[in-house]
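Novice: Okay, sequence plus prediction incoming.
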Amino acid sequence: MRSPSSLLLAAVLALPACGSEPLSFDTGGGGATVTTTAQGGAGGTGGTSGGATTGGGGATGSTSSTATETPTPMNNGFPDSWPDGVSCAGVPPITVWAYDDDTYILRQSLCTHFEGPFLYLLFGEDKVLLQDTGTGNVDVAGAVSGIISDWLAKKGKASIQLEVTHSHSHGDHTGGDSQFSGLPNTTVVGTSVNQVQGFFGIDQWPTQVVAHDLGGRVLDIVPIPGHQSAHVAIYDKSRGLLLTGDTLYPGRLYINNWAQYVASIQRIADFVASPDHPVTWVLGTHIEMSTTPGDDYAMGAKQHPSEHPLQLTKDTLLELHQAVQDMGNSPQYQVHDDFIVFPL
């Protein structure tokens, strides 16, 4: 049994559509150097930039740039592959990828922790939301600060409020929280159900879906307990992105409370069934499967050759919904092409 999501990443940051401009962020104390490669725009984002702005949430960093043009292959707005842990030489601890100007995906290197968790940084005009902080043994605050500092410089802004939130409370998603404690313009949200409810204004847990406005970018917060009691999904209508944490990703879907999980999958399936909630991509917080359908890596593996893409589709979510419905009150281990149902 594992507590999903893990540490941070290190490497590629694809920048906005106005040219290719490699950047490097020295994140300070944790020795996490993030090299970023500009990209001529992220395709298939399912929406516009939404006028987001973000800024210095407290963590500091320095940036430098060169004029070298280094195109990076694109795959529907995503890198063709993430560092897979097979070779750790020169691989930074946190990989940063700009899905678009205001949306960043961070992955902790498998070379630092077998969980290799993904984190998400979403910018609005007034606030920037970070979902998850990794396992805590890499400098995630420095990496986030570097992204924010660069973003602020491009937007001509002095600062922005950083909200540190979580998909759920397992240690590989909350381990870096202490790095953000006490930083200026930064709020670290607690991990209990009551703390999550209080921050997002959820009066009726877990059935109520609430809006959370970052300023020109409104997110929907959908409670989805089952893997863990305080688990939430985040839906970003402006891009059609659904962040599902450890509830759905290409890997072993560990289910601690079957009844809650089934109800949560029904809730999220009902949510995406609405024409008001189009889904471009479903994004979780781990990858534990290869490109071979149904094939997962050994538990605890730190090398992921031929790794499955991070991004899943609405059809994958509906396939999971049908699977758990068919099981009824008799949960069972079941292998699918893109995920494995794994009741505990």
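Specialist: Received, thanks.
Novice: which residues touch the residue nearest to I340 when sequence neighbours are not counted?
Specialist: Leaving aside its chain neighbours, I340 sits nearest to R252 (4.8 Å; criterion: Cβ to Cβ, 6 or more residues apart in numbering). In short, each C-beta sits where N, CA and C put it, glycine included. Residues in contact with R252 (Cβ atoms under 8 Å, 6 or more residues apart in numbering) are 288, 296, 299, 339-340, 342.
Novice: Out of these, which end up buried?
Specialist: Buried subset of the contacts of R252 (neighbour count, 16 or more other Cβ atoms under 10 Å): 288, 296, 339-340, 342.
Novice: Of these, which belong to strands?
Specialist: Members of the buried ones among the contacts of R252 lying in strands (criterion: DSSP state E): 340, 342.
Novice: okay, the buried ones among the contacts of R252 in a markdown table with pLDDT and distance to A233 next?
Specialist: Formatted as a markdown table, the buried ones among the contacts of R252 follow (pLDDT from 0 to 100; distance: Cβ to Cβ, whole Å):
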| residue | pLDDT | distance to A233 |
| --- | --- | --- |
| E288 | 98 | 19 |
| D296 | 98 | 23 |
| F339 | 98 | 15 |
| I340 | 98 | 19 |
| F342 | 98 | 19 |
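Novice: just curious, which of the buried ones among the contacts of R252 is nearest to G182?
Specialist: E288 (34.5 Å; Cβ to Cβ).
Novice: Distance of the residue nearest to P343 when sequence neighbours are not counted relative to D296?
Specialist: Closest residue to P343 apart from its sequence neighbours, by Cβ to Cβ, 6+ apart: P331 at 3.8 Å. Per Cβ to Cβ, to the nearest Å, P331 is found 18 Å from D296.
Novice: Remind me which helix or strand the residue nearest to P343 belongs to.
Specialist: Under the criterion of DSSP states H and E, P331 resides outside all helices and strands.
Novice: how many neighbours does it have?
Specialist: A count of neighbours around P331, defined by other Cβ atoms under 10 Å, yields 17.
Novice: That one contacts I255, correct?
Specialist: Yes - judged on Cβ atoms under 8 Å, P331 makes contact with I255 at a distance of 6.8 Å.
Novice: Overlap in contacts, these two.
Specialist: Taking Cβ under 8 Å, 6+ apart as the contact rule, P331 and I255 both touch 341, 343.
Novice: about what we covered before: H277: which of the buried ones among the contacts of R252 is nearest?
Specialist: Nearest member of the buried ones among the contacts of R252 to H277, counting by Cβ to Cβ, is F339, at 21.0 Å.
Novice: what's the closest non-adjacent residue to the closest one?
Specialist: L253 (5.6 Å).
Novice: where exactly do the helices run in the protein?
Specialist: Here the chain has its helices, by DSSP state H, at 140-155, 171-174, 193-200, 258-273, 314-327.
Novice: Mean pLDDT, mean neighbour count and distance to K127 added to the ones you listed, as a markdown table?
Specialist: Listed next are these as a markdown table, based on pLDDT from 0 to 100; neighbours: other Cβ atoms under 10 Å; distance: least, Cβ to Cβ, whole Å:
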| stretch | mean pLDDT | mean neighbour count | distance to K127 |
| --- | --- | --- | --- |
| helix 140-155 | 98 | 24 | 11 |
| helix 171-174 | 98 | 24 | 20 |
| helix 193-200 | 98 | 16 | 12 |
| helix 258-273 | 98 | 18 | 23 |
| helix 314-327 | 98 | 17 | 27 |
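Novice: These: which one's closest to P225?
Specialist: Nearest of the helices of the chain (Cβ to Cβ): helix 258-273, 4.5 Å.
Novice: helices or strands next to the closest one in the packing?
Specialist: strand 218-223, strand 241-245, helix 314-327 (3 or more Cβ pairs under 8 Å, 6 or more residues apart in numbering; DSSP states H and E).
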